[in-house]
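# heads up, no residue letters with this:
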């Protein structure tokens with residue numbers, strides 16, 4: 001089950017990259033080159049987290065699993081992906097915030113991105 005087609009996921013990722021680049025537009029050029037890779041990864045992870053959360057919302061956090069005669073409930077694989085990725089997303093965001101020389105601009109960017117992380121963890 002997918003939330004986005006490949007084309008739509010690409011559009012959403014590019015949209016998020018533009019948003020992040022605007023947030024970090026005041027970085028010095030040398031830092032922006034380094035930040036660009038993190039921005040790309042953060043954008044991809046945010047869109048993937050949205051999609052993964054959609055799967056979890058639709059299918060639940062547990063799934064029935066059968067192995068031979070045994071039947072039991074186990075954590076849905078999407079839940080594992082989500083938990084791992086949300087932590088990595090927070091790490092990438094922290095790395096981006098640490099590059100911002102102006103604490104006030106960094107605080108605004110951090111507040112926006114961490115609001116998403118907080119919402120996603122609920």
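Thanks, I have it. Predicted, not measured: the structure shown is a model, and the values here were computed from it. Numbering: from 1, shown residues only.

# what residues are up against the spatially most central residue of the chain?
If you average the C-alpha coordinates of the chain and look for the closest C-alpha using Cα atoms, centre = their mean, you land on residue 46, 2.7 Å from that point. Contact criterion Cβ atoms under 8 Å, 6 or more residues apart in numbering gives 16, 89, 116 as the residues in contact with residue 46. Using the backbone N, CA and C atoms, a C-beta is placed for each residue, glycine as well.

# out of the residues you listed, which sit inside helices?
The helices in this structure, assigned by DSSP state H, contain 16, 89, 116 from the contacts of residue 46.

# now those residues as a markdown table including pLDDT?
Shown next, in a markdown table, are the ones in helices among the contacts of residue 46 (pLDDT from 0 to 100):
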| residue | pLDDT |
| --- | --- |
| 16 | 95 |
| 89 | 96 |
| 116 | 73 |
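
# which of these sits closest to residue 9?
Each of these was scored against residue 9 by Cβ to Cβ, and residue 16 proved nearest at 10.6 Å.

# what's the closest non-adjacent residue to that closest one?
The shortest distance from residue 16 to any residue other than its chain neighbours is 3.8 Å, reached at residue 43 (Cβ to Cβ, 6 or more residues apart in numbering).

# in this protein, which spans are helices?
6-23, 29-59, 77-99, 103-121.

# now the ones you listed as CSV including distance to residue 66?
What follows is these, written out as CSV (distance: least, Cβ to Cβ, whole Å):
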stretch, distance to residue 66
helix 6-23, 31
helix 29-59, 16
helix 77-99, 15
helix 103-121, 31
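
# which of those has the lowest average pLDDT?
Of all the helices of the chain, helix 103-121 carries the lowest average pLDDT, namely a mean of 69.

# okay, now residue 6: neighbour count?
If you count neighbours by other Cβ atoms under 10 Å, residue 6 ends up with 8.

# let me fix that: residue 116
The burial count assigned to residue 116 is 17, neighbours taken as other Cβ under 10 Å.
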